[in-house]
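# Quick check, what structure comes out for this input:
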Amino acid sequence: MAERGSSGEFGAFLAGFLTGALVGAVVALLFAPRSGEETRRLLQERGIELKTHAEELTTQARSQAEAALIEARRRAEEAAAEARRRAEELRKWLEESRAQFEQMMAQRRGATPPAAGESSTEGTAA
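Predicted coordinates:
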């Protein structure tokens, strides 16, 4: 669960980082004592650098998300297998408890317990 929050925080950090970098680069270039042509060239270069950096961060974020998805699937499969195992254990315990209860009730009535697979109501009408 904490992983989900971490990826959201990373996305917010990434968006803030890129916005701050872009604003900082534009402000620095606009206030620097350069000619218009030189400033435009620097803005273009910075834009290309930021785009490349954003693509790298996006690739990293995608890789991390894919890894988190694989891990989540693995954990879900493990949890499902554990739930099936416990359900089977519970089913067996309930069957054993029912058989013990029926045997105890039959002993109390002085009758013989029903055979395996028979319910306590079978064979009593005869």
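# Can you name every helix or strand that the helix or strand of the chain with the lowest mean pLDDT contacts?
Least confident helix or strand, the chain: helix 2-31 with a mean of 74, by mean pLDDT, DSSP states H and E. Counting contacts by 3 or more Cβ pairs under 8 Å, 6 or more residues apart in numbering; DSSP states H and E, helix 2-31 packs against helix 36-109. Using the backbone N, CA and C atoms, a C-beta is placed for each residue, glycine as well.
# helices or strands up against the helix it packs on?
Using 3+ Cβ pairs under 8 Å, 6+ apart, helix 36-109 is in contact with helix 2-31.
# The helix it packs on vs helix 36-109, what angle?
On the basis of axes from the mean of the first three to the mean of the last three Cα atoms, to 10 degrees, helix 2-31 is oriented at 170 degrees to helix 36-109.
# so how far is the least confident helix or strand of the chain from its chain's centroid?
26 Å (Cα atoms, centre = their mean, to the nearest Å).
# Equivalent analysis for stretch 35-50, please.
43 Å.
# do stretch 23-32 as well
That offset, for stretch 23-32, works out to 42 Å (Cα atoms, centre = their mean).
# residues making contact with it?
Identification of contacts with stretch 23-32 by Cβ atoms under 8 Å, 6 or more residues apart in numbering yields 39, 42, 43, 46, 50.
# Pull the most distant pair out of the residues you listed.
Using Cβ to Cβ, the two most remote members of those are 39 and 50, lying 16.0 Å apart.
# ok, residue 87 to residue 81 distance?
Relative to residue 81, residue 87 is positioned 11 Å away (Cβ to Cβ, to the nearest Å).
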